[in-house]
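Novice: sequence first, then the predicted structure:
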Amino acid sequence: MSYRIAQDSGLDEFDRLAESSQQRNDLLLAQVHALYTTSWFTSVGAIVTAVTFWVAYLYYTGNQRVLIWAALVHVAQVSRLLNAWSYHRDERAWQRMNVWRLRFMVGLLASALAWGSAPLFVLPTQDLAAVCLMMLVMLGMGSAAIGAVVAYRPAIWMWLVPLLLPLPGLLLWFEGPLHNALAIFVLAYLGVNLVFAFGQNELLLKALRAQFDNAELVTQLRHQMTLAAEADKEKSRFVASASHDLRQPMHALGLFASALEKRLAGTSEAPLVSNLNRCIESLDRSFNAMLDISKLDAGVVEPQLQSFPIRDVFRRLHMHFAGQAEGAGLHLRFKPGGKLVTSDPQLLERILSNLIQNAIKYTRDGGIVVVARTSGSSVNIEVWDTGIGIPEAELPRVFDEFYQLHNPERDRNRGLGMGLAIVKRLALLLDHPLTVYSTVGKGTMVRLSVPQTDLDALHGMNLEAETVPSPIGNARTLLFIDDEENIRDSMALLLREWDYEVLVASNINEACMLAANHPEPIHAVLSDLRLRNGEDGLQAINAIRHVLGYQIPAVLVTGDTSPELVKRVHDSGHRVLFKPVLPKELFSMLRQLS
């Protein structure tokens, strides 16, 4: 064990050193690039300055030795220009950065020596004005070019020292108070410029390091975001896969239980079947919660926005929860206040239903109040309770999937912790801001902000009574396709209890043969979505319709709740039932087929 720890520590140290070496390399690349970026302008400026100086000096003194100096300076500066031009044309310069750094330093040294040789060609002279002109140009060049070399400390030395140090040496060689004073001034000027340049270099290096650190943090953040997104997708795939595998036997169990309940009606065993059905319904609610999450993640839930009185939603919620609240010894009150809102009434009712159900679950005494208040152009729908409250630190997590603050033992009777996750997704889908306030021991208030509608918006609306689709009628033949034998047996048993004639098939080929050879018309197809050997229910429905020659009504049955598959089924336009299918849901769906 100790060896493993030491080994890991060594690897960590190796990684740290590798990262440090990489950062130093990146820093050097940035420094060299900065040197070449400014080299264009400084070289051109140096050429212009040199021309101005030697022309003026030659005109003023007639000393032609300055032309030798001018030739040296111009050759050095043109060489630097050509070097900078070559660097910027080299697409792989970053791979040969040491070569380019050396070439820059050689060119810089040659330029500094050429400029620093000016006193050799200008002095000795007794003309103080000529000496001052030379000093002004050289000191100006020393300061002006600091910005071009400040990125790299060796370049600072390479420029300032060869440029300025020869001047005080020659001034001291002449002797005399004035020359000595000028020499001391130049040395002081050199020292000040070195200190200033080194300070600027430190600031620049700190800025570059901070830039690299920020870039590294951004890279790490993007990597973590990618990992989080992949983990979220993997979680969705896992939940969908697990849901599908569990729904299959649950679906068969529900069908067998329904058929058994009908046969045992009036016997002493009937209560046992009733208890079994209650357990199945409890599991079905859990599966449906996961299905709702998958639908929302898949983006197949499309809000149907309309204007309506909030009292209609409140009335239905009161009818649904009044008995449950009374059974828990709680007061439940609704205060709609005559407000009109624009939203999807079914989705809004689902949000409020989950909030009220959650409030009843965590309120021991007192009650729940649901009130609508006007706030500007919105209506704030607030659900107040006198429950146990939520600690402030836990508030950001209450809308997370599977999170239950007061259910550490994971009592299934208290749900999966998906209700508030669905609330959050629906609120985002409807663009209704959602906020929650809570005090431990006093209660919680959840606020949903919904756009308000003027009364005139409801004028002229054609309110038609909903019509119930007629049942299939005298047509009683159904074709059922599923690759699992127990599912086929249980479904056939249930449908025959409802007096349907049932044809069962395990794959597309069998289904097409049954459809082609059956003497009587087949009036509807029920098919599992996921069949064997790469087949699926969508292919089965299309094949059967091709065999029969007409658009036979069809229903898909599936236990797969992955967002991708939910969207695919939705886009197909077929009716769909998600396993485990409750018998009453199946019966209702069959009645809608026409």
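Specialist: Perfect, thanks for sending it.

Novice: for Val73, what are its contacts?
Specialist: Shown in contact with Val73 (CB atoms under 8 Å, 6 or more residues apart in numbering): Ala46, Ile47, Ala50, Ser111, Ala114, Trp115. For the C-beta atoms, the positions are set from N, CA and C on the backbone; glycine is no exception.

Novice: adding secondary structure, pLDDT and distance to Phe334, write the residues you listed out as CSV.
Specialist: Output for these, formatted as CSV (DSSP: H, G, I helix; E, B strand; the rest coil; pLDDT from 0 to 100; distance: CB to CB, whole Å):
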residue, secondary structure, pLDDT, distance to Phe334
Ala46, helix, 78, 84
Ile47, helix, 83, 86
Ala50, helix, 80, 90
Ser111, helix, 84, 86
Ala114, helix, 86, 92
Trp115, helix, 85, 89
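
Novice: host element of Ser449?
Specialist: Using DSSP states H and E, Ser449 sits in strand 443-451.

Novice: helices of the stretch 201-350 of the chain, start to end?
Specialist: When assigned using DSSP state H, counting those that start in this stretch, the helices of the stretch 201-350 of the chain occupy the ranges 270-298, 310-327, 345-361.

Novice: and those helices, which one's lowest on average pLDDT?
Specialist: Of all the helices of the stretch 201-350 of the chain, helix 270-298 carries the lowest average pLDDT, namely a mean of 63.

Novice: which residues does the strand holding Ser449 contact?
Specialist: Residues contacting strand 443-451 (CB under 8 Å, 6+ apart): 310, 341-343, 348, 351-352, 355, 359, 362-363, 366, 375, 377-387, 389-390, 427, 430, 432-438.

Novice: just give the nearest non-adjacent residue to Ile541, would you?
Specialist: Excluding its sequence neighbours, the residue lying closest to Ile541 (CB to CB, 6 or more residues apart in numbering) is Ala554, at 4.5 Å.

Novice: the stretch 351-500 of the chain: strands as residue ranges?
Specialist: For the stretch 351-500 of the chain, applying DSSP state E, counting those that start in this stretch gives strands covering 367-375, 378-385, 434-439, 443-451, 477-481.

Novice: test my guess that His574 contacts Val555.
Specialist: Yes - the pair His574 / Val555 is scored as a contact, 7.1 Å apart, by CB atoms under 8 Å.

Novice: more crowded one of the two?
Specialist: Val555 (22 against 17; other CB atoms under 10 Å).

Novice: list phi and psi for the more buried one.
Specialist: For Val555, the backbone dihedrals are phi -130, psi 130 (criterion: degrees, to the nearest 10).

Novice: same check on the one 4 residues further on?
Specialist: Main-chain dihedrals, Gly559, degrees, to the nearest 10: phi -110, psi 0.

Novice: so what's it scoring on pLDDT?
Specialist: With respect to pLDDT, Gly559 scores 74.

Novice: just checking, it touches Phe578?
Specialist: Yes - with contact defined as CB under 8 Å, Gly559 reaches Phe578; the gap is 6.9 Å.

Novice: okay, and the helix or strand of this protein with the least pLDDT?
Specialist: helix 270-298 (a mean of 63; mean pLDDT, DSSP states H and E).

Novice: and Val502, helix, strand or coil?
Specialist: strand (DSSP: H, G, I helix; E, B strand; the rest coil).

Novice: that one and Asp482 touch, don't they?
Specialist: No - counting by CB under 8 Å, Val502 does not reach Asp482; the two are 11.6 Å apart.

Novice: neighbour count winner among the two?
Specialist: Between Val502 and Asp482, Asp482 has the larger neighbour count (other CB under 10 Å), namely 27 against 18.

Novice: so what's that one up against?
Specialist: Arg488, Met491, Val504, Ser506, Ser527, Asp528, Leu531, Val557.

Novice: pLDDT score for the second one?
Specialist: When you say that, I think you mean Met491. 84.

Novice: pretty sure it sits against Phe256.
Specialist: No - in this structure Met491 lies outside contact range of Phe256 using CB under 8 Å: 9.8 Å.

Novice: settle it for me: which of the two has more neighbours?
Specialist: Per other CB under 10 Å, whichever of Met491 and Phe256 has more neighbours is Met491, with 25 against 17.

Novice: what distance do you get for Trp69 to Gly549?
Specialist: According to CB to CB, to the nearest Å, Trp69 and Gly549 sit 102 Å apart.

Novice: do Trp54 as well
Specialist: 101 Å.

Novice: comparing these two, which residue is more hemmed in?
Specialist: Legend: neighbour count by other CB under 10 Å for Trp54 and Gly549, higher for Trp54 (23 against 7).

Novice: count the neighbours of the residue nearest to the more buried one when sequence neighbours are not counted for me.
Specialist: Among residues not flanking Trp54 along the chain, Ala70 sits closest, at 4.2 Å (CB to CB, 6+ apart). Neighbour count for Ala70, taken as other CB under 10 Å: 20.

Novice: one more: Pro154?
Specialist: 12.

Novice: what about it, helix or strand, and which?
Specialist: Counting by DSSP H and E, Pro154 is part of helix 153-164.

Novice: give me the buried positions along that helix.
Specialist: Ala155, Ile156, Trp157, Met158, Trp159, Leu160, Val161, Pro162, Leu163, Leu164 (16 or more other CB atoms under 10 Å).

Novice: try stretch 374-385
Specialist: Ser378, Val379, Asn380, Ile381, Glu382, Val383, Trp384, Asp385.

Novice: same deal with stretch 46-55?
Specialist: Buried residues in stretch 46-55 (16+ other CB under 10 Å): Ala46, Ile47, Thr49, Ala50, Phe53, Trp54.

Novice: between which two of these is the distance greatest?
Specialist: The span of these, defined through CB to CB, is set by Ala46 and Trp54 at 12.4 Å.

Novice: measure Ser39 to Phe196 for me?
Specialist: Taken as CB to CB, the span from Ser39 to Phe196 is 21 Å.

Novice: more neighbours: those two, which one.
Specialist: The residue with more neighbours, out of Ser39 and Phe196, is Ser39; 22 against 14, by other CB under 10 Å.

Novice: so which strand or helix has that one?
Specialist: With elements taken from DSSP H and E, the one containing Ser39 is helix 2-61.

Novice: if we can go back for a sec, give me the contacts around whichever helix or strand comes after the helix holding Pro154.
Specialist: Following helix 153-164 in sequence order, the next helix or strand is helix 166-174 (DSSP H and E). Here helix 166-174 makes contact (CB under 8 Å, 6+ apart) with 116-120, 123-124, 135, 138, 179-180, 182-184, 186-187, 190.

Novice: quick one: buried residues of helix 166-174?
Specialist: Pro166, Leu167, Pro168, Leu170, Leu171, Leu172, Phe174.

Novice: break this structure down into its domains, please.
Specialist: 10-221, 254-298, 306-405+415-457, 476-593 (the TED database).

Novice: just put the ones you listed in CSV and tack on distance to Leu227.
Specialist: Formatted as CSV, the domains of the chain follow (distance: least, CB to CB, whole Å):
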stretch, distance to Leu227
domain 10-221, 10
domain 254-298, 18
domain 306-405+415-457, 18
domain 476-593, 19
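
Novice: mean pLDDT lowest for which of those domains?
Specialist: Lowest mean pLDDT within the domains of the chain: domain 254-298, a mean of 66.

Novice: ok so, going back, Ala231 is nearest to which of the domains of the chain?
Specialist: domain 306-405+415-457 (12.7 Å).
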